[in-house]
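coordinates for the following, if possible.
(chains A, B and C)
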Amino acid sequence: MRFVDEFRDRKIAGDVAAEIARLADPGRHYRFMEVCGGHTHTIYKHGIEDYLPPNITLVHGPGCPVCVIPMGRVDDAMYIARQPGVMLTCFGDMMRVPGGDGSFLDASAAGADIRMVYSPLDALRLAQRNPGRHVVFMAIGFETTAPSTALTLLKAAADGVSNFSVFCNHVTIVPAIKAILDSPDLRLDGFLGPGHVSTVIGCRPYQFIASAFQKPVVVAGFEPLDVLESIRLLLKQLAEGRCEVENQYTRVVPWDGNPKALDVIRQTMELRPYFEWRGLGFISQSALKLREPFAAYDAEHIFRIPGVRVADPKACQCGEVLKGVLKPWECKVFGTACTPETPIGTCMVSSEGACAAYYNFGRFTRERLQEAVR
Amino acid sequence: MTARPELEQQVLDRIESFRRRKPTLREERITMAHGAGGKATHTLIEAVFLETFRNPLLEPLEDQAVFSVNGARLACTTDSFVVSPLFFPGGDIGDLAVNGTVNDLAVAGARPLYLTAGFILEEGFPTADLQRIASSMARDAAAVGVQIVTGDTKVVERGKADGCFINTSGIGVVERDIHLGAAAVRPGDAILVSGPIGDHGITIMLARGELDLVSDLTSDTAPLHALVSRVLDATTAVHAMRDATRGGVATILNEVAASADVSMVVDENAVPVRAEVRGACEILGIDPLYAACEGRLVAFVAGEAAEVALAAMKNDPLGREAAIVGTVRAESPGLVLLKTQFGGTRIVDMLVGDPLPRIC
Amino acid sequence: MCLAIPGQIEHLFPGTDLATADVSGVKRNINVGLVREEGIAPGDWVLIHVGFALSKVDEEEARANLEFLQGLGQAFTDEMAAIAEDPVAKQRGG
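Okay, the predicted model is just below:
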């Protein structure tokens, strides 16, 4: 597969790993945070840590848009799904996220019409094909996905569709990174920036991390070679005493982002004054809602959602995992009470969740794993 | 790299013993996950059926049961087919029914003899479609040399069955002096796959039409009895075989690793996958190791006999792309590990949830 | 939801924002509204996310990236070879 297989090449991996080993100062322990859940997934799925020397730790960040949805919002979505005539559509990941009273999968088993879609346009098409139903699309994702929801809204308006609405849970990445940087518990040496978010917002928004917080940032692609190379670039910055925002994912990320994508977001959505993030609490200006001209497509206008704030279960430590304070296996309920089939928190459910990634792919210490494959 | 590897290992050990506990069914209602072939299915089977029906023949939870009657060793199996859509590129539900049942017998080393076919039909189902399905079954049965000797027909109200559900059972005779099964698998065994994986699961998913993906893929539904014969003729060192259906190759590896108390290491680069299957899987974020097959088997063969078994598979038209994909190990029993395309390592766990509902 | 995959544009539907993209032999109709303004034509590669093209893939950049990475290994090998040839360095244990 072009632009994929070349970036999964074992031999080149070995060479980049050798460079990393050469650049890493043996007297120092490096902690780099990969912000994006997609990177966490890649790291575990391809076994990238096997290529890193013992003094580099990858800290998993909060960039998993499913993981940061608070239970109360899941309950709101379920409320919508239970309204007569409603068909709720969502991405596959959302199906097993536990709300206060079960997941979408459970609600579906009990009779609610909840369907997985691959694209928001598929949800719009379902609305056009089912005029007797009201189709609600639960929109999740960072700035990567918001433009797609935006274009879908514009199309719905242009086509005059009247039985379609969006339950908007889009969040923005920069406030999450700021929350991490402001957190006193965390010592980090650099960041792997979110490659796909950056195709939309560009690389400039991360300047403050380098200038105000003095941490280097490398905007990284999602193939394993991209991740390894980005780690190499971070080490190189540190070795050379530089502190900048660099773009490793140049084949896809433009420095200034995608103006058209930003424009359609601006046309259809605006920032909420504040939004609750699971584990990170309330963050101001961190999430999007539909603008007033699109009220007819706003599920929060059409349905009187309960909007009840539901506290995470006492046992759940998703917040600390999302902030990178705890590694998944350090959570008290990891792997016992909280497993992918009996999840307590979102980190274990989403395909981009750190706990899911570690449980499904990495649930083995490096030494034992390498022994077993020798 | 963790700063406290011993502590991490302790946590992981605790999790391992937790995973080995007796499974309990917590859900009050059946969900689609229970039908996916993964963890939920296994918990359901063990907690409800194994617990309630418990007997020595059932315990191994193989694809079939083998027992002796008046000196003859017989194998019997049962299967149900609920695939949607009923007609798809490469075949239909009838093809799955005959080939799937034949395969469950073949992997025990049995010569398939007789099949039964029970139909649950939905009110309003076109009789022409039923005839098409029956014709497929007749054609496949003749090709294998089995007869469909008895059956049953029920009709349920509109909306209570997706057109047509089929249940089959199969009877075969084990004439060779072999005892295949997970219990026989041991460290040092080679793991073989008879061809590219995931063709059926991805074909069905695309055929559903909801994802708007189009390709030339067809289901790999096929009877494997002849391929199995070639392998068993070539070597007596085959320890176990399973046909990969829903849940894919990964599910078989996990089941056998758990049953046999061994671990497995698979080389991702060695596993045959068609380009289109990879493409669809990359688009949807699915791992081909979990995608269903309907005409592929996984064989566990003594290390020394691996090449001979592979050559035998490749001699069969259905096995031209067979490959040795991994080995069975003693260390860390229960674990299935993958050496990734990239050269790193990761675990391949039992499937959770249901990425591709109703593919068989 | 960062899952995005490179695909090649096969065909553009005139008068719309729709195109057919090919990923390893699997085809899907995608919306190219977000990359239209850069100019899009059959044969171009795009990054596809939830049915939309988010960005064009710069094939030159991709090639340059890979060549650089391949060069890393070569540079290392060359350096090792140079050290092997240099008796003084060998003496020093370099």
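
what parts of the stretch 151-300 of chain B come near chain A?
Neighbours of chain A within the stretch 151-300 of chain B, by C-beta under 8 Å from any C-beta of the partner chain: B:210-212, B:263, B:265, B:275, B:278-279, B:282, B:284-285. All C-beta spots, glycine's among them, are computed from the backbone N, C-alpha and C.

out of these, who's the most crowded?
B:Gly279 (25 neighbours; other C-beta atoms under 10 Å in any protein chain shown).

and the residues of the stretch 151-300 of chain B next to chain A, which two are the farthest apart?
Spatial extent of those (C-beta to C-beta) is set by the pair B:Asp212 and B:Ser263 at 40.1 Å.

next up, the contacts around the closest residue to chain C within the stretch 201-350 of chain A.
Closest residue of the stretch 201-350 of chain A to chain C, C-beta to the nearest C-beta: A:Arg251 (4.1 Å). Neighbour list for A:Arg251: A:3, A:221, C:57-59, C:61-62, C:65 [criterion: C-beta atoms under 8 Å, 6 or more residues apart in numbering or on different chains].

go with 6 Å
C:57-58, C:61-62 (C-beta atoms under 6 Å, 6 or more residues apart in numbering or on different chains).

can you check B:Glu157 too?
Taking C-beta under 6 Å, 6+ apart, we find B:Glu157 in contact with B:Glu123.

could you find the closest non-adjacent residue to the residue of chain B found nearest chain C?
For chain B, the residue closest to chain C is B:Gly279, as judged by C-beta to the nearest C-beta, at 2.9 Å. Using C-beta to C-beta, 6 or more residues apart in numbering or on different chains and skipping the chain neighbours, the partner closest in space to B:Gly279 is C:Ser24 (2.9 Å).

what's the neighbour count on that neighbour?
For C:Ser24, the count of nearby residues is 24 (other C-beta under 10 Å).

look up how far A:Gly102 lies from it.
38 Å (C-beta to C-beta, to the nearest Å).

got a pLDDT number for the residue of chain C found nearest chain B?
Residue of chain C nearest chain B, by C-beta to the nearest C-beta: C:Ser24 (2.9 Å). Reported pLDDT at C:Ser24 in the predicted model: 94.

and chain A, which of its residues are near chain B?
By the rule C-beta under 6 Å from any C-beta of the partner chain, the part of chain A lying against chain B is A:8, A:10, A:13, A:46-48, A:50, A:54, A:57, A:96, A:105, A:109, A:118, A:224, A:329, A:335-336, A:340-341, A:360-361, A:363, A:365, A:369, A:372-373.

for the residue nearest to B:Gly279, what are its contacts?
C:Ser24 neighbours (C-beta under 6 Å, 6+ apart): A:1, B:275, B:278-279.

tally up the residues packed near the residue in the stretch 201-350 of chain B that chain A sits nearest to, please.
As assessed by C-beta to the nearest C-beta, chain A sits closest to B:Gly344 within the stretch 201-350 of chain B, at 2.1 Å. Look at B:Gly344: counted by other C-beta under 10 Å, it has 27 neighbours.

in this structure it contacts A:Asp50, no?
Yes: with contact defined as C-beta atoms under 6 Å, B:Gly344 counts as touching A:Asp50 (4.1 Å).

pretty sure B:Gly285 contacts C:Leu3?
Yes: counting by C-beta under 6 Å, B:Gly285 does reach C:Leu3; the two are 5.0 Å apart.
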